[in-house]
Each structure stands twice: as C-alpha cells, then as structure tokens.
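Trainee: Pasting a predicted model and its sequence here:
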Amino acid sequence: MEQVVVRSDDYNSKSQVTKYEWLEILSDDNFMTSNYKYVLSIFFLEPEYKATCKYLAEKYHTHSNSLTALVTHFSRVVQERLNRFEITTEEGDKTYWLVTMLGKKVAGNLFEWKLRDELVEAMKELDYINANAIKIDSIGHLVSLINKDVGDLKRDFLIARKELTGNQRITNSKLLFKYDSEDREWAINEGAGTEVQYHIYLSDNRIGYGLGFNTLYVRFKEEKTPIEYIKPYIDAFIALKDSDEMIKLANRDFALNTDEYDFQNPIRDEHYLFGRIVALDDEQKLHLVEYYNIINDLKGDLFNAYKNIFKLANELNMTEKSSNQNHQPFITNPLLQEISELLLANKNLILTGAPGTGKTYLAKTLAEEWDAEYELIQFHPSYDYTDFVEGLRPIQNENGEVGFELRDGSFKKFCKEARKYQNNQQLSNFEEVYQRFIDDISESAIDLVTPSQGSPFTIIVNTRENITAVLSSETQRQITLTKSLIQNYFETGKALNWKPYLIPVCEYIKKNYDLTLTNTDNQNKKFIIILDEINRAEISKVLGELFFSIDPGYRGESGRVTTQYANLQTDEDVFKEGFYIPDNVYIIGTMNDIDRSVESFDFAMRRRFAWKEIKSADRLSMWEGQIDDWAEEAEQRLMDLNKAIESVQGLNSAYHVGPSYFLKLANYDGDFDKLWTYHLESLLFEYLRGYPNAEQQIQGLKDAYNLQLGFDDDRNDG
C-alpha cells in the first residue's frame, strides 16, 4: 500500500482517486448512503464547488460538526474501499479529507473546502443531483423514509414529549411520525391528537410539513371539545410568534395555512398548519437536498418551537385549573359524575356488572377527568403480597453469588409517588438523569473529595447499577451508594447514610445534569390505582396487613401498619416506621360479578368499598363514532338478547351481554352473524354449561339476537 505523506498544513496534495474510480464509487448505491450523497451535493451546488462547513451549516440549518463528520467518514471509507494508498502527515497522523477535497484557510480561522476536480467531473457525467432525486410514491413511503433518517430525533422528541405531557412512559421510540391508514394523506407524531403536533402531508404533488393544530374528532377524548383541547396551544403559538425560532422559520417560508383571524377563532373538523410547502416535480421526485432541508427543519428550529409552544400551553392550562381540587368539577356525563361522587366520598369503589360494559374504561376516563395520576394493575390467581406490597426477590452480587433483596411491590411504589407529590418532593426526571449519569460513569470513573476533610475518592458503577465510592487509601475500601439513597437525598434533602460521600456525588449530579422537580403547585393532586378484575386474586393473600389501612377511615398516617418485612427496611425507605396509604390515593376495583372467583371477595373487604353496578343499557354511548352505520340494529339485538337471557331460569341481569362486544362489528363490516359465531355464542354457552337443555336455550337466545322473539313491546308503545 502506498504511503502518501503530506505536511500538516498542506491542503492541496495530488489527487489519489481517478475520475473513473469516482464514477464506480458514486454509482454503487450499496456504498453511497443518503448522507454521503447529501454532503457531496451541497458542496457541488456551490459556486466553484467550494464553501466552509460553517457557511453550509447555516444555509441548510444543520450543524457544522455533522458535515465535518460526514466528509471525514466518507473519505475514510473511500480510502478503505480502494485499499491502495494511505494519507498521513509528517507526524504520522492519518488524514482523510484530502481524499475528497482540497482546502485553504480563510478569514475567521475557517477552512474553505473544494471538491476535487476528478470528483466534480464524475458527478457532472452522472447528472448527480437529478439522478439522486427521491421518488415519493405515497405519504406512507415519505413517512417511512423520514422515520429512518431523522436518527436521534425520534428518541429526543419522545423524551421531550414524555416530560411535557407528564406521561410515565414514552411511546414507540422507533417512530417520529405514525402512519397506519392508507385512506388519508397526512401523518402526525406518535401519541398526538389533542395537542400541538408534528404534522406532514402529501397532496396534489406537494409536501407540507410543520406544526399542526387539530380540531378533528379524537377517539376516547370526549370530556372536552376538540377546540377546547387545542386552544391553549393556539394561544401559545400566537404569544410566541415573534420568538427567535418562529422568525427563523418564517424567514424560511413557514406560514399559517389560513389567516390569523381564522386561526385565533378555530372551528370544528379543521387541521391548521404552520408549515412549509415543497413541490415535487412531474415525476413525483424530490431533490435530495430539499429532502434533507425537511429533515434538518424537523430536527432544528421546528423542534425548539414545538417544545416552547407546549411549555407555554402547559402554563396556560395550569392557570385555568382550580386551585382547590378537593372538589372535582362537574362532569357532564351523568354516569361518570355519579361514579366521581361515590369515589370522592368513599375513597374505595368497586365497579361491577356484566362483561363488556366498559368498567375499566370508565375507571380510566374518571382518572383523566380528575387529572389524576393513575396506574392499572390486573389481578390474577397467582398475584400475591410480594407483587402488590413488598417481598424478597432473588439477586446476584458482583461475585456471582445468589441472595435475596427486599423489593417494593407495585402498590407500595404507587403510594410512594403519591406521598412525594403531597410533600412537593416529586422529581420529574430522576430516572432519566440517573441513567445518563451511570452511563457516563461506566465510560470513565470520576474523582471527588469529601466536603470537610477533602479526602479523595473515586466513583464507579457496580453490576447492579448502584454507585460505588472507592476510597483513595491503602485499604481501597468500597462504599455502596444506592440509587434510592441518592434519590431520597434529592427529594428530602436528608443524607440517611454515608453523608461525606453521598453529598459530593449528589452535588456533582446537580451541577452537571438538568435535574428538576415537578411543578406541584397543587399538592392535593389525586392518585387513582385501578385494580382490574380485583376478585380474580385472593384478596387476603394480596393485601396482608393492608386489610386495616385500606379502610377509608384510615387513610394517611393514622392507618400506619407494621409490615411483615419491616425489620428488613433500609433507612431511606419512607415507610420504615410503618406503611400507610396516603390520603390522596383512591382505589377503583372492577369485577364481573358472574365470575366464579367473586365468592373469594369476603364480606369484611366488601364493606370497605362502595359498589356501583354498571348496566349494559347505560353504556350504549361507547358506540358513538365507532359503529354508527349499525348502531340502531345493534341496540335492538342487544336489548332483545338481554331480555331473553333474563328469561332463562338461573340467569339475571348480571349475565347480560355488554355493548363493548358489538364494537367488534367494525372488524366484520357489520356482519352480525360473525359477531354471534365468533364472540357471543361461546360466552353464552359458558353461562348455560351444565343445563340439560343447553342447546335449546342457546337456540332461543340466538333467535332473540336475530330479532325473532318479539321483544319489542316497549319500542312499539304509542
């Protein structure tokens, strides 16, 4: 291999690649990534094929470091592909830019780089700019390309949205835009619907993209009108229209798709867009540089504008909320209002009724109406105390030895979060910050000193993702600072153990990471735990000592109990002195009261809950917007079938069929026979299992379902 040696300040060495080699390289689509094609194209489009990376970065709304890295990587892989020369400086350092470029120093300590003549000639011969235009077949095709090419923006966007919405989990991290319907020409970011959104569309051979404000109907969001949901984001956009990001975007032809008056006074079923339009050519092709302009906008100023609008809208929403949330606002849905009043009065509520009446959905909807934090846990026969409260779990230490560690169950974790919110101790991003911190320490240990004595020590990460402080002494003593110990210090300001080492670690995190507390102006925020199918687990086995604390009269510290693992609690556990259920925690259980397991729900536990039966006839509203074409016939069939069920000896209204079963009509294009065959018949057979005339009874129920038994007296009155 030829060694080409250049001076460290020589940027005009002899070319090592011929035009014909460039033709072969540029024509190899397996080698030439879209990023390589893009960076070559933006240099090629400049006068004399030369520019500084800073100039190009400003022109194309990206970062000069990104362009520098692309040219370096491309030049290196070209050299490796040819495998016949290597360029080094006289000092022995490898250099790659000279494979592709010639350069010179210009004002401002910058370098101006020029594509080599042989490369330019090859690009001209190949008509490179036009040849690499992207044919956009459909909006689905465009979305798949963007989702692939936006890179880290997918993760950054979803993390930002998680924090802005207050969600506990991020949505699908593999997508920026979600597109799952071939009958529409637009797509929005994953999870968006009633908030400002990333929006993109393809229509009339034009691509439009930007920030969307949707007043269309949104499924499962009926507590407000679409306009009420989106108005704070519209108001925030108007307030920020003169911000730096907005002005930069406006200078790049971003504009509203309507006049400002109409935008400030939105109407139903519209999609307002602050965006930019890009035209495709007659062959539906988009130049690669223009495509990357879209990518760079999505990753740059548009992202900053999105976050700023969301933040201001959150502030506007906060000012509209009542400062006293002990009294919930009136809910227009009468059934939901009744459930709300029952839960407020009793703290614990069981929603019971026939299968398919939407009990779990009602519980979730109520939590959203209250603007409560909520979590759903589904009970099952093997669910026990260790899952729900606390218990010993097997672990493996650094030496590979297996032992046991006390771990919190789901309900205890939930109560800790509720307690922290009451005391204004809720960290909004601790998990994310701690993960970034240990990732950084894993790559490079950090040296710190104790506050008073100035004794040096080093922090590393152990195999269980806790921090180990290694003392700089002959003994090399190691001290473990657990994650919970660190979190407790941030939330309470108390160093429960290893204070000389804990405080420097926490101060380092505070200084170097953007750790923030949740805005908890309203410390009465409610927390709802939804115990789905609560009767399917053995209640006494799951609750243990909490049988006492769960009583509505013993919320808060008055209900403190000593758990069976109390002697194993560490000092940082806020419930070390006894576990209790904070008074901002509410419990909703759901059950189908025909389940055989319902008998395991003993009377002592029953009197600790209020009970509300959800009847099939009360929940027909769930069909709205779902099966409108068949709703009238579905109602007739449902009512007749349920009347027939009640006429069977041994059955009653608890065995009704719920309206949620009929939502499946949408899957079968309104075919009621398929609904019966694949869903209802097997359910009703279970009801009648053991009946001597089960087949005859099933046929009678089927006749009623098919409107052949004349259960229409009430409908024909008058």
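Mentor: Cool, the structure landed. Residues are numbered from 1 along each chain as shown.
Trainee: quick one: the strands in the stretch 601-718 of the chain?
Mentor: 610-614 (DSSP state E, counting those that start in this stretch).
Trainee: Can you list the low-confidence ranges for it?
Mentor: Counting by pLDDT under 70, the stretch 601-718 of the chain contains low-confidence residues at 601-602, 709-718.
Trainee: run the last query once more with 50
Mentor: Counting by pLDDT under 50, the stretch 601-718 of the chain shows low-confidence ranges at 712-718.
Trainee: So Gln79 sits against Thr100, correct?
Mentor: No: with contacts counted by Cβ atoms under 8 Å, Gln79 stays clear of Thr100, the gap being 9.5 Å. C-beta coordinates here come from the backbone N, C-alpha and C atoms, glycine included.
Trainee: residues shared between the contacts of these two?
Mentor: Here Gln79 and Thr100 have no joint contacts, going by Cβ atoms under 8 Å, 6 or more residues apart in numbering.
Trainee: Work out the gap between the lowest-mean-pLDDT helix or strand in the chain and the centre of the chain.
Mentor: Using mean pLDDT, DSSP states H and E, helix 603-606 stands out as the lowest-scoring helix or strand of the chain, at a mean of 73. Distance of helix 603-606 from the chain centroid (Cα atoms, centre = their mean, to the nearest Å) equals 38 Å.
Trainee: Which secondary structure elements does that helix sit against?
Mentor: The helices and strands touching helix 603-606, judged by 3 or more Cβ pairs under 8 Å, 6 or more residues apart in numbering; DSSP states H and E, are helix 539-543.
Trainee: how far is the helix it packs on from where the chain is centred?
Mentor: On Cα atoms, centre = their mean, the centre of helix 539-543 falls 33 Å from that of its chain.
Trainee: buried set for the very next helix or strand once past it?
Mentor: Following helix 539-543 in sequence order, the next helix or strand is helix 546-549 (DSSP states H and E). Residues Leu546, Phe547, Ser549 are the ones in helix 546-549 that count as buried (16 or more other Cβ atoms under 10 Å).
Trainee: Contacts for helix 546-549 next, please.
Mentor: For helix 546-549, using Cβ under 8 Å, 6+ apart, the contacting residues are Val389, Phe411, Ser540, Tyr554, Gly559, Arg560, Val561, Phe579, Tyr580, Ile581, Ala604, Met605.
Trainee: Need the worst-confidence member of those.
Mentor: Among the contacts of helix 546-549, Ala604 carries the weakest pLDDT, at 70.
Trainee: Identify the residues contacting that one.
Mentor: Ala604 makes contact with Phe547, according to Cβ under 8 Å, 6+ apart.
Trainee: Now do it against Ile550, distance only.
Mentor: 11 Å (Cβ to Cβ, to the nearest Å).
Trainee: Repeat that for Pro500.
Mentor: Counting by Cβ to Cβ, the separation of Pro500 from Ile550 is 42 Å.
Trainee: go on, Ala363?
Mentor: 17 Å.
Trainee: related to what we said a few turns ago, CA atoms only: put the least confident helix or strand of the chain into CSV for me.
Mentor: Presented in CSV, the C-alpha positions along helix 603-606 are these (Å, rounded to 0.1, in the frame of the first residue of the first chain):
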residue,chain,number,x,y,z
PHE,A,603,-67.6,-9.6,53.5
ALA,A,604,-65.1,-7.7,55.6
MET,A,605,-63.4,-6.4,52.4
ARG,A,606,-66.7,-5.7,50.7
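Trainee: And that helix, what's buried?
Mentor: Quick answer for helix 603-606 (16+ other Cβ under 10 Å): Met605.
Trainee: Likewise for stretch 79-98?
Mentor: Residues of stretch 79-98 classed as buried: Gln79, Leu82, Glu86, Ile87, Thr95, Tyr96, Trp97, Leu98 (neighbour count, 16+ other Cβ under 10 Å).
Trainee: distance between that stretch and the chain's centre?
Mentor: Offset of stretch 79-98 from its chain centre (Cα atoms, centre = their mean): 45 Å.
Trainee: now the end-to-end length of it.
Mentor: This stretch, stretch 79-98, spans 10 Å end to end (Cα to Cα, to the nearest Å).
Trainee: and Pro266, how many neighbours?
Mentor: 18 (other Cβ atoms under 10 Å).
Trainee: Could I get the full set of helices for the stretch 301-450 of the chain?
Mentor: In the stretch 301-450 of the chain, the helices defined using DSSP state H, counting those that start in this stretch lie at 301-320, 334-346, 359-369, 385-388, 410-422, 430-443.
Trainee: low pLDDT regions in the chain?
Mentor: In the chain (pLDDT under 50), the answer is 321-326, 520-521, 598, 712-718.
Trainee: Looking at Pro500 and Ile550, which one has more neighbours?
Mentor: Of the pair Pro500 and Ile550, Ile550 is the one with more neighbours under other Cβ under 10 Å, namely 21 against 16.
Trainee: pretty sure the more buried one contacts Ile587?
Mentor: Yes: contact criterion Cβ under 8 Å: Ile550 and Ile587 qualify, at 7.1 Å.
Trainee: Can you check which residues contact both of these two?
Mentor: Residues touching both Ile550 and Ile587 (Cβ under 8 Å, 6+ apart) are Asn348.
Trainee: related to what we said a few turns ago, between the contacts of helix 546-549, identify the one with the most neighbours.
Mentor: Ile581 (29 neighbours).
Trainee: Now tabulate the contacts of helix 546-549 in a markdown table and tack on distance to Tyr60.
Mentor: Output for the contacts of helix 546-549, formatted as a markdown table (distance: Cβ to Cβ, whole Å):
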| residue | distance to Tyr60 |
| --- | --- |
| Val389 | 57 |
| Phe411 | 53 |
| Ser540 | 66 |
| Tyr554 | 64 |
| Gly559 | 62 |
| Arg560 | 62 |
| Val561 | 64 |
| Phe579 | 58 |
| Tyr580 | 59 |
| Ile581 | 57 |
| Ala604 | 70 |
| Met605 | 65 |
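Trainee: With respect to Tyr20, which of these is nearest?
Mentor: Nearest to Tyr20 among those is Phe411, at 71.3 Å by Cβ to Cβ.
Trainee: How many residues are close by Phe437?
Mentor: By the measure other Cβ under 10 Å, the count of residues near Phe437 is 22.
Trainee: which phi and psi does the closest residue to it other than its chain neighbours have?
Mentor: Leaving out its chain neighbours, the residue that sits closest to Phe437 by Cβ to Cβ, 6 or more residues apart in numbering is Ile509, at 5.7 Å. Main-chain dihedrals, Ile509, degrees, to the nearest 10: phi -60, psi -40.
Trainee: separation between Ile509 and Gln435?
Mentor: Where Gln435 is concerned, Ile509 sits at a distance of 12 Å (Cβ to Cβ).
Trainee: can you check Asn293 too?
Mentor: Per Cβ to Cβ, Asn293 is found 34 Å from Gln435.
Trainee: So between those two, which is more surrounded?
Mentor: Taking other Cβ under 10 Å, Asn293 and Gln435 do not tie; Asn293 has more neighbours (19 against 11).
Trainee: Quick check: which element contains the more buried one?
Mentor: Taking DSSP H and E as the criterion, Asn293 maps to helix 288-299.
Trainee: what comes up buried for that helix?
Mentor: Of the residues in helix 288-299, Leu288, Val289, Tyr291, Tyr292, Asn293, Ile294, Ile295, Asn296, Asp297, Leu298, Lys299 count as buried by neighbour count, 16+ other Cβ under 10 Å.
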